[in-house]
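# okay, here's the prediction I keep looking at, along with the sequence it came from:
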Amino acid sequence: MTRRALLPAALALGALFVVTAAPPAAADAIRDRQWGLTALRAEEAWGTTKGDGVTVAVLDTGVDPTHPDLVGQVLEGADLVGMGAGRGDRAWARHGTAMAGIIAGHGHGSLGLGGVLGIAPQAKILPVRVILEEKDPSRDRARENKGGALAEGIRWAADHGADVINLSLGDDSSSAHHEAAEDEAVQYALGKGAVVVASAGNGGKDGDRISYPAAYPGVIAVTAVDRKNKKASFSTRNWYATVSAPGVDVVIADPDRSYYEGWGTSAASAFVSGAVALLKAAHPDLSPAQIKNLLEDTASGSPPGGRDDSRGFGLVDPVAALQAADGMAPEPVLPAPVAAASPYFGAGPDPVPDPGPLARFGAPAGVAGGLALLVVAGVLARRPRAGRWDPDAG
């Protein structure tokens, strides 16, 4: 598996996504290969919503807004890298365009029957460029100079209307560690009501190391499964896994107008971001915590015991989540402060009885008596010592 480095340290594209060398022969065969839509019961979910009115921020290598499968879906975004390949270059927006297609592709051609169809085909994509493609010649320079792009991008997306933030990237290298700025940015986004989804990592064959940002609190971390709902061999197994989604033989759109099959937990993350977009469209007032709990509670094919580190709570099920959400009352994004009913937990300390007037005067008197004794002791200490008596000397 090729590791695709991101700006700070070794943050990678999920790895996150590896494509086959040859595209499918004909575009009209693409829809038949999108097994992920069938696995997630997309058409049944579309009977309720297709994601209209929801904005999904794709923090990635950029998104091609002119791709036939995405025309009209891509909003004006931000480039927080500011260097590297540009529109038309081979090393530009390939990974980001692929993720955007999985989330919100609407197909093209007669009746939209050609090309890639996303899980939420009426959602809008907000592209935020925070990472460079593997073959971008400026990647090393960007890593040196733009180490804070991910944290900045999360905050930017939250401030510019993102309902969902898709992070199909991560650092699961041997040097991966908690980054305070990224964690704080995630909490900032959650506090503004944006649901944050991230790929769990592709370290299933390399030690299952923790991947960030998937491991930050509140993030929906997504592992990858195959057509049989079995954990993909490359998919990281770890404590933070929330749910799983298709991540093998996934058809993707490319800026070169070809279609490829690829694999990675970044694709799985994009599927879940699309599922969340459906939930947000139907129930816009649900908090990020409620949506995360919904996905956990309604996942299908759950592992024995209800959860494991390989697939989380099971395969994300947008249909079941939409049905369960109908009976939920929205909760505040952040807990509302409540005045304490008592100054103490429990009964508090026992009351102290009034000592009375004599005791109140007794304390100063005792202090004065102690001072007098100290004065006497000082006088005695200054008297010369008597000579020691020696019986032999008479």
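Received the coordinates, thanks.
# what distance separates stretch 185-197 from the centre of its chain?
Relative to its chain's centre, stretch 185-197 lies at 8 Å (CA atoms, centre = their mean, to the nearest Å).
# do stretch 74-94 as well
Mean-position distance between stretch 74-94 and its chain equals 23 Å (CA atoms, centre = their mean).
# please apply the same query to stretch 54-68.
Centre-to-centre, stretch 54-68 and its host chain are 18 Å apart (CA atoms, centre = their mean).
# ok, now stretch 33-51?
24 Å.
# make residue 1 into 58 and carry on from there
New numbering, starting at 58: the last item is stretch 90-108.
# for that stretch, output the C-alpha coordinates as CSV.
Extracted in CSV, the C-alpha atoms of stretch 90-108 (Å, rounded to 0.1, in the frame of the first residue of the first chain):
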residue,chain,number,x,y,z
ARG,A,90,-20.4,-1.8,-10.1
GLN,A,91,-21.5,0.5,-7.2
TRP,A,92,-22.2,-2.4,-4.8
GLY,A,93,-21.9,0.0,-1.9
LEU,A,94,-25.2,1.7,-2.7
THR,A,95,-26.9,-1.7,-2.6
ALA,A,96,-25.2,-2.6,0.7
LEU,A,97,-26.4,0.6,2.3
ARG,A,98,-29.9,0.4,0.9
ALA,A,99,-29.5,3.8,-0.7
GLU,A,100,-32.6,3.7,-2.9
GLU,A,101,-34.8,3.0,0.1
ALA,A,102,-33.2,5.9,2.0
TRP,A,103,-33.8,8.1,-1.0
GLY,A,104,-37.5,7.6,-0.5
THR,A,105,-37.1,9.9,2.5
THR,A,106,-34.3,12.2,1.5
LYS,A,107,-31.4,12.6,-0.9
GLY,A,108,-29.5,15.1,1.3
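# what average pLDDT does it get?
Stretch 90-108 carries an average pLDDT of 97.
# then stretch 247-258?
Per-residue pLDDT over stretch 247-258 has a mean of 98.
# start and end of it, how far apart?
With CA to CA, to the nearest Å as the measure, stretch 247-258 spans 21 Å from end to end.
# so which bits of it are buried?
For stretch 247-258, burial by neighbour count (16 or more other CB atoms under 10 Å) applies to 247, 249-258. Just so you know, the C-beta spots here come from the backbone N, C-alpha and C atoms, and that holds for glycine as well.
# again with stretch 289-299
Buried residues in stretch 289-299 (16+ other CB under 10 Å): 289, 291-295, 297-299.
# report the mean per-residue pLDDT for it.
What stretch 289-299 shows for mean pLDDT is 97.
# ok, now stretch 199-210?
Averaging pLDDT along stretch 199-210 gives 89.
# quick one on the thing from earlier: what two of the buried residues of stretch 289-299 are the furthest from one another?
Phe291 and Thr299 (18.0 Å; CB to CB).
# which non-adjacent residue is nearest Ser292?
Setting aside the residues directly before and after it, Ser292 is nearest to Ala281 in space (CB to CB, 6 or more residues apart in numbering), at 4.2 Å.
# next SSE downstream of the helix or strand where that neighbour lies?
Using DSSP states H and E, Ala281 maps to strand 277-282. With elements assigned by DSSP H and E, the helix or strand that comes after strand 277-282 is strand 298-303.
# contact partners of that following strand?
Applying CB atoms under 8 Å, 6 or more residues apart in numbering, the external contacts of strand 298-303 come out as 92-93, 96-97, 257, 276-284, 286, 288, 292, 324-326, 328-329, 332, 349, 352-353, 356, 365-373.
# and with 6 Å instead?
Applying CB atoms under 6 Å, 6 or more residues apart in numbering, the set of residues contacting strand 298-303 from outside is 93, 96, 257, 277-280, 282, 325, 328-329, 352, 356, 366, 368-370, 372-373.
# helices of the chain, start to end?
Shown for the chain, the helices assigned by DSSP state H span residues 87-90, 92-96, 99-103, 151-161, 196-202, 206-216, 237-248, 322-339, 345-355, 375-382, 413-439.
# about what we covered before: just checking, the residue nearest to Ser292 touches Lys288?
No. Checked against CB atoms under 6 Å, the pair Ala281 and Lys288 is beyond contact range at 7.5 Å.
# more neighbours: the two, which one.
Neighbours around Ala281 and Lys288, counted as other CB atoms under 10 Å, are more numerous at Ala281. The numbers are 33 against 21.
# enumerate every residue touching the more buried one.
Residues near Ala281 by CB under 6 Å, 6+ apart: 289, 292, 304, 322, 325.
# please report phi then psi for the third one.
What it means is Gly304. When read as degrees, to the nearest 10, the backbone of Gly304 gives phi -150, psi 10.
# what distance do you get for it to Gly275?
Distance of Gly304 to Gly275, computed by CB to CB, to the nearest Å: 22 Å.
# more neighbours, these two?
Between Gly304 and Gly275, counted using other CB under 10 Å, Gly304 has the larger neighbour count: 32 against 15.
# doesn't Lys287 make contact with that one?
No. With contacts counted by CB under 6 Å, Gly304 stays clear of Lys287, the gap being 11.1 Å.
# contacts only, for the residue nearest the centre of the chain.
The residue lying closest to the centre of the chain (CA atoms, centre = their mean) is Val276, at 3.0 Å. Taking CB under 6 Å, 6+ apart, we find Val276 in contact with 253, 255.
# remind me which residues of the stretch 208-357 of the chain are low pLDDT?
Across the stretch 208-357 of the chain, not a single residue meets the criterion (pLDDT under 70).
# from what I see, Lys116 and Arg212 are in contact.
That one is not Lys; residue 116 is Leu. No. If you go by CB under 6 Å, Leu116 and Arg212 don't touch, sitting 10.8 Å apart.
# between these two, who's got more neighbours?
Leu116 (31 against 17).
# so what's that one up against?
Leu116 makes contacts with 185, 187, 210, 224, as judged by CB under 6 Å, 6+ apart.
# now do the contacts for the residue lying closest to the last one once chain neighbours are set aside.
In space, not counting the residues next to it along the chain, Leu224 is nearest to Ala255; the distance is 4.0 Å by CB to CB, 6+ apart. The contact partners of Ala255, by CB under 6 Å, 6+ apart, come to 224, 270-271, 276, 278, 326.
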